[in-house]
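Colleague: sequence first, predicted model second:
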Amino acid sequence: MPPLTSTLLSRSTTGSSTRVSAAAAAAISRPAADAAASSKPAPLPPDPDRGPQAVVALRIRPRGPPLRRSPRRLTLCVVRDRPTKNSYDEILTSLGKPGGGSEFGKYYSLPALSDPRIERLPYSIRILLESAIRNCDDFQVTGKDVEKILDWENSAPKLVEIPFKPARVLLQESCNWGSTFRSFREESGLPYDLCAVCEATVPYYLFPILQDFTGVPAVVDLACMRDAMSNLGKDPNKINPLVPVDLVIDHSVQVDVARSPNAVQANMELEFHRNKERFGFLKWGSSAFRNMLVVPPGSGIVHQVNLEYLARVVFNNNGILYPDSVVGTDSHTTMIDGLGVAGWGVGGIEAEAAMLGQPMSMVLPGVVGFKLAGKLKNGVTATDLVLTVTQMLRKHGVVGKFVEFYGEGMRELSLADRATIANMSPEYGATMGFFPVDGKTLDYLKLTGRSDETVAMIESYLRANKMFVDYSQDEAERVYSSYLELNLEEVEPCLSGPKRPHDRVTLKNMKSDWLSCLDNDVGFKGFAVPKESQGKVAEFSFHGTPAKIKHGDVVIAAITSCTNTSNPNVMLGAALVAKKACELGLEVKPWIKTSLAPGSGVVKKYMDKSGLQKYLDQLGFHIVGYGCTTCIGNSGELDESVSAAISENDIVAAAVLSGNRNFEGRVHPLTRANYLASPPLVVAYALAGTVNIDFEKEPIGISKDGKEVYFRDIWPSTEEISEVVKSSVLPDMFKSTYEAITKGNPMWNELPVSASTLYPWDPSSTYIHEPPYFKDMTMTPPGPRPVKDAYCLLNFGDSITTDHISPAGNIHPDSPAAKYLKERGVERKDFNSYGSRRGNDEIMARGTFANIRLVNKFLKGEVGPKTIHIPSGEKLSVFDAAMKYKNEGNDTIILAGAEYGSGSSRDWAAKGPMLQGVKAVIAKSFERIHRSNLAGMGIIPLCFKAGEDADTLGLTGLERYTIHLPANVSEIKPGQDVTVTTDDGKSFTCTLRFDTEVELAYYDNGGILPYVIRKIAEQ
């Protein structure tokens, strides 16, 4: 899925109008970005040293007062190596402002196509259609692509591919813990992947669920590209993202300190101590690159910041209007779908392609229509609703599909409620859960401080282009691939767990379900605790106070995650529960680790305004930081006495959190039972101290006057919550919070960074390293590289996933990466994870194919990260063997079976093999995104013909392989047959899986990044 590259109109010196190529527009330097604030820049004199030229006025991400700059303009020579005229320019239509007299701008009008099929399209597909029309250059996006989308009813079932260009890219600084993966089989029998810290349980072929990419490697690549430009004698400052890039640092803060008024400051100090080098690098990037906004640590969670501040809903880019859309390097990018902005998660290479104006390929998705009716009952929360929806959609099956919500029930859902549902798209398996823009959306935009003129523009554009839902008017019936319906009145209070987000348990059945989990065999709903041990009590001393813990006792209670902290209804609902409990004299046991981690500073403002934060503090729910914390496993350590009591007595301890994922081992290593719940329920279970309770029949505690207190005594009504929300959540809170967000905080502001726009690489750094992608690069593309007499580095069977290929988890002490670190004086205790060192290509190349579960046919049944160096017969680590081949001057290829590269899309699964010297992968089939990533890194993807594979062809992998490709890229066609021969006389035909002319251009240039550099350098 690619970027909605801005459609930029240029004005030549003769006054004619043309469309600037993406390559030209990509050459954005400071003056180009500074042009953002002006819609009528002053004319520039012609350059006497050049002939006719295009003058481009760019409007780049206006953000309000803090980010406004003085108007300037940029003069570019337009490269005409590709068609520049848009075939649909004839439907460019002016959009007048209400009242007449002036206009908002021009837009590509869908109604002007006069195609009856448009009225039947789901709103989410209309966004894809508009993007294809606006970006149609008959090279990256063609008229055939537009027709595929127009004919969605017929083409989507055929799984056709289309290019898509999102309007912007959202980067997230990733989890410090790395990723711990294990495989298992679901009830369906399909293989699933699980990252116990950073990933959802998802089918291996579900490409949007991503966490491998962080902001660090993206900025590393951009910095390296600048060096390459400088080495070519060109202006390095032309290297900048083409589309707006927002990078939010939210994954590093841990709950080291809790239940303390000083928790925020203490945790932030520890966060900066651990991540100083990476933070400094990102801070340098924030000032060195145009069109990139870095939101400093301590500001909030990326998806909540996106919802409240970053999202535009409709762009006005130099007078061209188009829908906002975004791809992000975190799976919960989908939260923005609740605002009517199409967004989902992608991998690193896809994100970089989008940043640099390149298209990304996606399968035209089916769309599940989810009809909502009725209204939620009193006391039922949005969290209860999303857990219900998640269970329904998992059962229905929505992998790889869009889900679009509609129906009369939409009138009853606040924008925050919709965002909660959209956020959990990865948990129910959809690419996105989309809520089209309507009156509720406009109300939210006003609440969060968007100007009246901006909201008027959004409404006018979307109404004119048939992308706005007005429930007061009759609309043509839209067609969906399949249908679901839910009456909101049927939703009951519930939780999900103890190990998966879609294992919903109604509140009234919670105790019986818990007891059955103790009995059941070990699995998603079982712990296999013997009957005689289920009542076991472990006694311990907590800081001198006698204490005890049993199975099901709560040891972590966390109000966390953008899923819920973006919703004032559930946040203030939790505060009301705390107020009622405190007034009755209830307390939370001191050994329960309680925490509150809002997704933005707005939450603190409305909590303070309501006067309710003091009650949460009284129960131990002090604010601990502004980031993901417990939701992504950064829950910090439990008290030593509690940890010992759990471990020594084999207690099944519980965590209750308002997060979106609850896999065993993710929240905390010692909480085997983890339940997702609304923030009010988190407070209720913290007060109860156990999940082994029936809230309808058993008291939650004893009041200060000795009376039993029940759940119903502390639970607020919907009306109570609404009244507090109405009086406490105000537009000025959003404005003041986000006017200051880019100013950072003292610790961020004190980080020393170079003022140079070229990064001063530190050769001694083991975290940030200059990659060798552009070594010896010239302006002339290298063209197709002959692959002659190549050795087979690895010989795989079926279903080699990106988890097998990509570096993940902790660095093993006997691995090549560990050896590299030891040689540089890094002690074992400081190895950290591959995830924390993603900015160092030396580490990542050594960690490629380092998975301990790797199955390589050369090892004849032995499992592990080894291979055979064929000329010598030595058994070596994969990295050492690859380097030995390179030092000997030998190319390498990989043989593989079906579904090579399945799993989450990971950039290092393609970057790593390229750095190891792999020139081609010959497989039965590829996962779609991974094949595209290989092409983007210049690795040749080849498919065996149907019915053939290495075994049927008698290939042992010990042969030497020659791939017969033409030496001139103009003689190579996407999908053509290619002959492969071996040194022992075998010959077979493969299909070349460069699927588009664009991918051939990447290959000709040695990859997508060299391609972009040359295009920019040509300006």
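Modeller: Cool, the structure landed.
Colleague: other SSEs contacting the host helix or strand of residue 349?
Modeller: Applying DSSP states H and E as the criterion places residue 349 in helix 348-355. For helix 348-355, the elements it packs on are strand 168-172, helix 215-231, strand 325-328, strand 360-363, helix 908-915, helix 928-936, helix 1008-1017, judged by 3 or more CB pairs under 8 Å, 6 or more residues apart in numbering; DSSP states H and E. C-beta here means a position set from N, CA and C on the backbone, and glycine is covered the same way.
Colleague: hmm, who's touching the helix or strand following the longest one?
Modeller: Meaning helix 215-231. Counting by DSSP H and E, the next helix or strand C-terminal to helix 215-231 is strand 245-248. Residues outside strand 245-248 that contact it (CB atoms under 8 Å, 6 or more residues apart in numbering): 168-173, 215, 218-219, 282, 285-286, 289, 291-295, 299-302, 305-306, 310, 355.
Colleague: that older thread, closest to residue 633 out of the helices and strands packed on helix 348-355?
Modeller: Residue 633 sits nearest to strand 168-172 of all those, at 14.7 Å, using CB to CB.
Colleague: compute the inter-axis angle for that closest one and helix 215-231.
Modeller: Angle of strand 168-172 versus helix 215-231, following axes from the mean of the first three to the mean of the last three CA atoms, to 10 degrees, is 120 degrees.
Colleague: pull the distance from strand 168-172 to the chain's centre.
Modeller: 8 Å (CA atoms, centre = their mean, to the nearest Å).
Colleague: can you check stretch 121-130 too?
Modeller: The answer for stretch 121-130 is 22 Å, by CA atoms, centre = their mean.
Colleague: residue 646 contacts residue 549, correct?
Modeller: Yes. Using CB atoms under 8 Å, residue 646 is in contact with residue 549, at 6.9 Å.
Colleague: ok, the closest residue to residue 520 other than its chain neighbours to residue 900 distance?
Modeller: Distances taken as CB to CB, 6 or more residues apart in numbering place residue 526 nearest to residue 520, at 2.8 Å, with adjacent residues excluded. Distance, residue 526 to residue 900, by CB to CB, to the nearest Å: 35 Å.
Colleague: element containing the nearest residue to residue 412 once chain neighbours are set aside?
Modeller: In this structure, residue 412 finds its nearest non-sequential neighbour in residue 375, 4.4 Å apart by CB to CB, 6+ apart. Using DSSP H and E, residue 375 is not contained in any helix or strand.
Colleague: quick one: the strands in the stretch 151-300 of the chain?
Modeller: Listed in chain order, the strands of the stretch 151-300 of the chain (DSSP state E, counting those that start in this stretch) span 161-164, 168-172, 181-185, 191-195, 202-203, 245-248, 292-295.
Colleague: which other helices and strands contact the helix or strand just after the last one?
Modeller: Remark: after strand 292-295, the chain's next helix or strand is helix 302-305, criterion DSSP H and E. For helix 302-305, the packing partners by 3+ CB pairs under 8 Å, 6+ apart come out as strand 245-248, helix 562-565.
Colleague: what's the most buried one of these?
Modeller: helix 562-565 (a mean of 31; mean count of other CB atoms under 10 Å).
Colleague: and the pLDDT at the residue nearest to residue 520?
Modeller: pLDDT for residue 526: 96.
Colleague: how many residues are close by it?
Modeller: For residue 526, the neighbour count with other CB atoms under 10 Å is 15.
Colleague: do you know how far it is from residue 513?
Modeller: The gap separating residue 526 from residue 513 is 11 Å, by CB to CB.
Colleague: where does the prediction get shaky in the protein?
Modeller: 1-84, 173-214, 903-905 (pLDDT under 70).
Colleague: pick out the residue nearest the middle of it.
Modeller: residue 330 (1.6 Å; CA atoms, centre = their mean).
Colleague: nearest residue to that one in space, please, no chain neighbours.
Modeller: Leaving aside its chain neighbours, residue 330 sits nearest to residue 172 (4.3 Å; criterion: CB to CB, 6+ apart).
Colleague: so what's residue 942 up against?
Modeller: Applying CB under 8 Å, 6+ apart, we find residue 942 in contact with 920-923, 963, 978, 980, 990-993.
Colleague: tell me the bridge partners for it.
Modeller: With DSSP bridges as the criterion, residue 942 is bridged to residue 922, residue 992.
Colleague: scan this structure for its longest strand.
Modeller: For the chain, the longest strand by residue count, based on DSSP state E, is strand 787-795.
Colleague: what packs against that strand?
Modeller: Here strand 787-795 touches helix 878-887, strand 892-895, strand 918-923, strand 960-964, going by 3+ CB pairs under 8 Å, 6+ apart.
Colleague: relative to the shortest one, what are the paired strands and their orientations?
Modeller: Strand 892-895 sits in its sheet next to strand 787-795 (parallel), strand 918-923 (parallel), going by DSSP bridges.
Colleague: neighbouring contacts of that strand?
Modeller: With contact meaning CB under 8 Å, 6+ apart, strand 892-895 is reached by 787, 790-796, 882, 885, 913, 916-923, 950, 955, 957, 961, 963.
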